[in-house]
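Asks: need a 3D model of the sequence below.
(chains A and B)
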Protein chains: 2
Amino acid sequence: MSFVTVSDVLAGKVSVGTTVTVRGWVRTRRDSKAGISFINIHDGSCFDPVQAVVENSLPNYSSEVLHLTTGCSLAVTGTVVESAGKGQAFEIQATTVEVLGFVEDPDTYPMAPKRHSMEYLREHAHLRARTNVTGAVMRVRNCLAQAIHRFFHERGYFWVATPIITASDAEGAGELFRVSTLDLLNVPKTEQGEVDFKQDFFGKEAFLTVSGQLNAETYACALSKVYTFGPTFRAENSNTSRHLAEFWMVEPEVAFADLNDIAHLAEDMLKYCINAVLTERADDMAFFAQRIDPTVIERLQHVVSNDFVHMDYTDAVEILQNCGKKFEYPVSWGTDLQSEHERYLAEEHVGAPVVLKNYPRDIKAFYMRQNDDGKTVAAMDILAPGIGEIVGGSAREERLDKFDQRLAELGMDPEDYGWYRDLRRYGTVPHAGFGLGFERLVSYVTGMTNIRDVIPFPRAPKSADF
Amino acid sequence: MSFVTVSDVLAGKVSVGTTVTVRGWVRTRRDSKAGISFINIHDGSCFDPVQAVVENSLPNYSSEVLHLTTGCSLAVTGTVVESAGKGQAFEIQATTVEVLGFVEDPDTYPMAPKRHSMEYLREHAHLRARTNVTGAVMRVRNCLAQAIHRFFHERGYFWVATPIITASDAEGAGELFRVSTLDLLNVPKTEQGEVDFKQDFFGKEAFLTVSGQLNAETYACALSKVYTFGPTFRAENSNTSRHLAEFWMVEPEVAFADLNDIAHLAEDMLKYCINAVLTERADDMAFFAQRIDPTVIERLQHVVSNDFVHMDYTDAVEILQNCGKKFEYPVSWGTDLQSEHERYLAEEHVGAPVVLKNYPRDIKAFYMRQNDDGKTVAAMDILAPGIGEIVGGSAREERLDKFDQRLAELGMDPEDYGWYRDLRRYGTVPHAGFGLGFERLVSYVTGMTNIRDVIPFPRAPKSADF
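Replies: Numbers count the residues shown, from 1 in each chain, chains lettered A, B, ... in the order given. The predicted structure is shown next:
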């Protein structure tokens, strides 16, 4: 007798006739008039449950088996047999059923077998992984995370843990969470009446990071190819289906690379990840296609089998101005594109992911590499049909004189960027990188529209439960 | 002509006679009297640099090549040839040398080619990855991280992102960092004069997590086998070589597993990771053996080729009391073992990693599974020779009545553990898990004694630079 997963049984990895034990939770129980019960058992290892056929000759049939309800935990030992029923190739002919845990009061079990709203599941985030939908999301999420690590590792990239707590609002992204151990009822003050952060844990004001990029650059300028994969934070007070206060980001940073290099890197990475999901999680994807978004598989197959289309921002503005479509926000050169514009380009004009390049420098970050035209920077966004911006990246300004000039134009103090400037003073190299919001990718791949449903315990304004 | 890494050239992956371009930084330059310069170029892809042989017939030989110093960046194009020199099998006969970036003032370059103290390197954390020692540490660190993901993925575990920001001091570990957006100069108060956290971003007091365990349990009770790998935090005011305020933890959580199962899981994981380093990073390990700890490779080989020894806490106390060795702290049943005791057991008594099991319940956490003796809990620590505790784990109390009884004994309010209790109310299952401090593992594997030298940007009291 050996312990096996439901996944192994259903995939035919256990020979017919073998005696095995599966352990998991009851999804459904059905009793036939002939005194046989059919119990569907899931253990999270794959989408489908395995069916155990339990005869009334078992000693605990009346006392326990007939009392099993959704969510009860059990260990079933029996023989793997070919299934005569529809929907599964194999099932288990049970010889013993050991109940591990009943459900306290089946009538009030929060995950009772009926359709729950996504809102309701969010309120029960500690139990929702037991449902079809959240289980499937989290397996796909894991598959994507593993694929990301594998993709970079196979290509000689080193994973770098950039700091979560940081004393510099380096990206200037604002909207920061403060990290502190000061007593809020007795905040120490300086003689000038300001907060005396010298007395705080880190001896200065500290925040949660909004991006690992600047730190990752220091490692790219030594190890050449690196990437981060870690949590980042935004204290934005926006309660939307696209924002989280805490989310995971993937940020490769590549020495000797230019804008086109990282655009292709991002395209290769996205295709690699999507292929991994289509291959390894076909069971979960079939569910998403059936219940969440009928076009999801088709959409992903289209992404992996077509080249991304490269387009200059300037050309995109012209296309949008001349397309004859009425937008809520007008388009003019020098303004940021709105979601409606991005979606038009990706969905209607091109019908595939678009790499939009060379944005006006005034709407982009200070560290981006200036193009020779004096107006644009080597930045790119990848816009995907159905979701909009999924990747944002740029070449970094590696020329010290150009960098200092830009700081001066923006009224920023070079002193604040001492260590970042050092990279440009000592053996500077062209380098570039991008950021991928991991939850946005999970959302895109599964078709789940609310980003709070693709991370186990979402954090948002007024919401940090569990 | 194609771009290749130094690693590919040195490993013989590029055929002799091929024209390639390598890009990287000058480690050293030596000029022969015959008018030939030998430039060692590193790009971080492996420990060793590749040698480029540059003849004075190159047009920029006098104007640039002869001015190259440590840290300058360049792209060298040339033919891969077998090396006549010692220490490398292949080198590059340069046809062009393109200088990408000089070092501003070589005399003050912080990473000039001399022996720097570890303290000094820490103060220059943005440049230290350019040194032999930090480069080697970070490649090994990456190798370990990749091995951890691979180990769990191959065994059907799902990576789960447990929350970084949490509103519950769930583990009761104290020493928390507060996360807040409140204005410290104008802290809102309730009528009772307390801080009004309702007005804070999350609507309640929020902290940085000390462990993902309790959240991971909710996922193990649905997907069966999960693990976390993410940052955790301690606001401990201890400025030691073994503590960080921010560090990464690996926490598998396994449904249907008991204490022995997870002890073996930890043993398998550690051996898998160490084997990966010995195989994949032999270059860096040779350096650690030469410069940091002469016994490091031997020590690791000993770990992978011997079974860990299991021992009960009660037996360990008896061994320590009767061993005739004088300890600073006396040993008696019921007290926690000190580092000197742990090291004696692992290093002198056993001479291999020890799995110490079944600790007195009063010195362990409330959630650990009570043993039938009424005195101990199913907890284990793995003690490794040379470093002490490297893994800590336990079976979790899955029986609601026992759990509630323990809360009552400790004067804890069951209301505070509502969602955690739900796991015991609805289809409870035996489960167990452990935690591994990732930096402690990197420390152990490399022989680096200060934990601040094995994480890119260490955070500690009064220290959050970069």
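
Asks: tell me where the stretch 301-450 of chain A has strands.
Replies: A:309-312, A:354-360, A:376-384, A:388-396, A:431-437 (DSSP state E, counting those that start in this stretch).

Asks: which strands border the shortest one, and is each parallel or antiparallel?
Replies: Strand A:309-312 has these partner strands in its sheet, going by DSSP bridges: strand A:354-360 (parallel).

Asks: the partner strand vs strand A:376-384, what angle?
Replies: Using axes from the mean of the first three to the mean of the last three Cα atoms, to 10 degrees, one finds that strand A:354-360 and strand A:376-384 are set 150 degrees apart in direction.

Asks: which residues touch strand A:354-360?
Replies: A:259, A:263, A:266-267, A:308-314, A:316, A:333-334, A:337, A:342, A:345-346, A:371, A:375-383 (Cβ atoms under 8 Å, 6 or more residues apart in numbering or on different chains). In this view, the C-beta of every residue, glycine as well, is placed from N, C-alpha and C.

Asks: ok, and what's touching stretch A:187-204?
Replies: A:165, A:167, A:179-182, A:205-206, B:177, B:184-185, B:187, B:235, B:237, B:245, B:459, B:461-464.

Asks: and A:Val81, what are its bridge partners?
Replies: With DSSP bridges as the criterion, A:Val81 is bridged to A:Glu91.

Asks: what sits against A:Arg425?
Replies: Counting by Cβ under 8 Å, 6+ apart, A:Arg425 has contacts A:Leu400, B:Val103, B:Glu104.

Asks: ok, the second one to B:Val26 distance?
Replies: Distance of B:Val103 to B:Val26, computed by Cβ to Cβ, to the nearest Å: 9 Å.

Asks: anything in contact with each of those two?
Replies: The overlap between the contact sets of B:Val103 and B:Val26 (Cβ under 8 Å, 6+ apart) consists of A:Gly427, B:Thr69, B:Thr70, B:Gly71, B:Cys72.

Asks: which of the residues you listed has the largest number of neighbours?
Replies: A:Gly427 (28 neighbours; other Cβ atoms under 10 Å in any protein chain shown).

Asks: distance of the closest residue to that residue other than its chain neighbours from B:Gly101?
Replies: Distance criterion Cβ to Cβ, 6 or more residues apart in numbering or on different chains; nearest residue to A:Gly427, sequence neighbours excluded, is B:Ser73 at 4.0 Å. For B:Ser73, the distance to B:Gly101 equals 4 Å [Cβ to Cβ].

Asks: more neighbours: the two, which one.
Replies: Between B:Ser73 and B:Gly101, B:Ser73 has the larger neighbour count (other Cβ under 10 Å), namely 26 against 22.

Asks: give the contact list for A:Val454.
Replies: A:Val137, A:Arg141, A:Glu439, A:Val442, A:Ser443, A:Thr446, A:Met448.

Asks: output the residues you listed in JSON lines; the columns should cover neighbour count.
Replies: Below are the contacts of A:Val454 laid out as JSON lines (neighbours: other Cβ atoms under 10 Å in any protein chain shown):
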{"residue": "A:Val137", "neighbour count": "27"}
{"residue": "A:Arg141", "neighbour count": "26"}
{"residue": "A:Glu439", "neighbour count": "24"}
{"residue": "A:Val442", "neighbour count": "24"}
{"residue": "A:Ser443", "neighbour count": "24"}
{"residue": "A:Thr446", "neighbour count": "26"}
{"residue": "A:Met448", "neighbour count": "24"}
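
Asks: looking at these, which are in helices?
Replies: Taking DSSP state H, the ones among those that sit in helices are A:Val137, A:Arg141, A:Glu439, A:Val442, A:Ser443, A:Thr446.

Asks: name the nearest of these relative to chain B.
Replies: Within those, the smallest distance to chain B is 8.0 Å, found for A:Arg141 (Cβ to the nearest Cβ).

Asks: the closest one: what's it in contact with?
Replies: Neighbours of A:Arg141 in contact, by Cβ under 8 Å, 6+ apart: A:Val442, A:Val454, A:Ile455, B:Ala161.

Asks: between those, which is nearest B:Val20?
Replies: Relative to B:Val20, the closest of the contacts of A:Arg141 is A:Val442; by Cβ to Cβ it sits at 39.1 Å.

Asks: can you give me the pLDDT of that closest one?
Replies: Looking at A:Val442, its pLDDT is 98.

Asks: find the nearest non-adjacent residue to it, please.
Replies: A:Val454 (4.1 Å).

Asks: now do the phi/psi pair for the one you found.
Replies: phi -120, psi 10 (degrees, to the nearest 10).

Asks: separation between it and B:Val140?
Replies: Distance from A:Val454 to B:Val140, by Cβ to Cβ: 33 Å.

Asks: near chain B, anything from stretch A:151-160?
Replies: Yes. Judged by Cβ under 8 Å from any Cβ of the partner chain, stretch A:151-160 and chain B are in contact via A:His153, A:Gly156, A:Phe158, A:Trp159, A:Val160.

Asks: top of the residues you listed by neighbour count?
Replies: Going by other Cβ under 10 Å, A:Val160 tops these with 28 neighbours.

Asks: next up, the contacts around that one.
Replies: Contacts for A:Val160 (Cβ under 8 Å, 6+ apart) come out as A:Gly212, A:Asn215, A:Ala216, A:Tyr219, A:Leu223, A:Val226, A:Tyr227, A:Thr228, B:Met138, B:Asn142, B:Pro456.

Asks: from these, which ones fall inside helices?
Replies: A:Asn215, A:Ala216, A:Tyr219, A:Leu223, B:Met138, B:Asn142.

Asks: which residue packs closest to the fourth one, ignoring adjacent ones?
Replies: So that's A:Leu223. B:Gly44 (3.2 Å).

Asks: and the pLDDT for A:Gly174?
Replies: 65.
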